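Trainee: sequence-free structure coming up:
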């Protein structure tokens with residue numbers, strides 16, 4: 001697989017990320033995100049029940065699991081788009097519990113969505129400029145005086161154009177976002193996330209619905225995020241892609257973390273095989289997650 005910048009060597013896999021034996025809730029050497037006892041229920045269904053989770057800084061972590069495992073719900077909780085029933089979590093040592101999504105993003109933790117959130121009636125460039133933080137012109141009073149924000153506006157536009165060129169979207173800068181293909185909107189959303197100069201980028205199924213022709217480009221951009229010093233946490237179902245680019249893998253099933261570790265190790269984990277393939281059809285998945293106890297007398 002080639003990098004999005006030809007001639008650059010993709011970053012090597014990060015190792016030595018954890019302390020002790022790999023497993024659910026294992027401590028990391030340098031965690032950027034730490035969650036404790038985070039739970040969320042909808043009616044009688046427990047969507048998320050994470051006892052302890054640490055995301056390693058400067059690495060690419062994949063969050064995997066079968067449909068309905070709670071991955072997107074966990075994303076929503078950690079980024080302020082939903083409120084948990086219980087739990088606490090921190091980002092770079094700062095408590096995030098109760099903070100709204102826009103404040104979380106300003107702290108350097110940004111996310112993308114399964115269904116892209118580009119503003120269709122704005123141009124690609126306008127979407128990009130909205131991603132920049134601390135804009136002077138957003139103040140109602142200061143917006144009246146162009147001399148107060150014109151210089152910053154020019155700097156923001158220059159940065160937006162540079163990122164668009166990197167993502168090969170520069171020629172589309174004046175097109176409405178609604179006119180882009182699904183893959184191009186994924187690229188735009190990732191590019192717009194970089195406008196806020198994040199330290200943690202959370203990508204929710206970045207490859208979903210993407211034309212195969214753009215898949216390699218997206219993969220290259222994810223690798224480049226790490227090369228530029230950012231931490232990446234992404235949800236994905238393509239196990240080949242996870243094995244190829246992830247440094248660390250977290251596996252969820254029925255809202256719980258059932259396994260953690262390097263990709264090659266996790267893929268051989270019996271609980272992971274059970275969760276994905278149902279190899280033990282006579283064992284309820286709840287037994288694998290530890291939520292239910294297997295009745296005595298069963299194998």
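Mentor: Received it, and whenever you're ready, just let me know what you need. Just so we're clear, the structure is a prediction, and the values are computed from it rather than from any experiment.
Trainee: contacts and neighbour counts: CA atoms only from here.
Mentor: Noted.
Trainee: Closest to the mean position in the chain, which residue would that be?
Mentor: Here the mean C-alpha position of the chain is nearest to the C-alpha of residue 202 (Cα atoms, centre = their mean), at a distance of 2.0 Å.
Trainee: Tell me if that one really is in a helix.
Mentor: No. Remark: residue 202 does not belong to a helix; assigned using DSSP: H, G, I helix; E, B strand; the rest coil, it is strand.
Trainee: ok, it touching residue 105?
Mentor: No. Under the contact definition of Cα atoms under 8 Å, residue 202 does not touch residue 105, with a separation of 10.7 Å.
Trainee: Does residue 156 touch residue 131 like I think?
Mentor: No. Residue 156 is beyond contact range of residue 131, at 9.4 Å (criterion: Cα under 8 Å).
Trainee: Count the residues that sit near residue 43.
Mentor: A count of nearby residues for residue 43, using other Cα atoms under 10 Å, gives 7.
Trainee: if I look at it, how far off is residue 266?
Mentor: Plainly put, residue 43 is 32 Å away from residue 266 if you go by Cα to Cα, to the nearest Å.
Trainee: What of residue 54?
Mentor: Between residue 54 and residue 266 the computed distance is 16 Å (Cα to Cα).
Trainee: pull the helix or strand with minimum mean pLDDT from this structure.
Mentor: When each helix and strand of the chain is scored by mean pLDDT, DSSP states H and E, helix 285-289 comes last, with a mean of 43.
Trainee: can you give me the strands for the stretch 1-150 of the chain?
Mentor: For the stretch 1-150 of the chain, strands defined by DSSP state E, counting those that start in this stretch occupy the ranges 31-42, 45-56, 60-64, 86-91, 94-95, 109-111.
Trainee: And the ones you listed: which comes nearest residue 191?
Mentor: strand 109-111 (11.3 Å; Cα to Cα).
Trainee: Map the structural domains onto the sequence of this protein.
Mentor: If the domains of the chain are taken from automatic domain parsing, they occupy 1-118+198-299, 121-179, with pieces of a single domain joined by a plus sign.
Trainee: okay, those in a markdown table with distance to residue 186 next?
Mentor: Shown next, in a markdown table, are the domains of the chain (distance: least, Cα to Cα, whole Å):
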| stretch | distance to residue 186 |
| --- | --- |
| domain 1-118+198-299 | 6 |
| domain 121-179 | 11 |
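Trainee: Of all the ones you listed, which one is nearest residue 189?
Mentor: Taking Cα to Cα as the measure, those were each checked against residue 189, and domain 1-118+198-299 came out nearest at 6.5 Å.
Trainee: wait, isn't residue 129 in contact with residue 160?
Mentor: Yes. In this structure, residue 129 sits in contact with residue 160. The criterion is Cα under 8 Å, and the distance is 6.4 Å.
Trainee: any residues in contact with both of those two?
Mentor: Residues touching both residue 129 and residue 160 (Cα atoms under 8 Å, 6 or more residues apart in numbering): residue 195.
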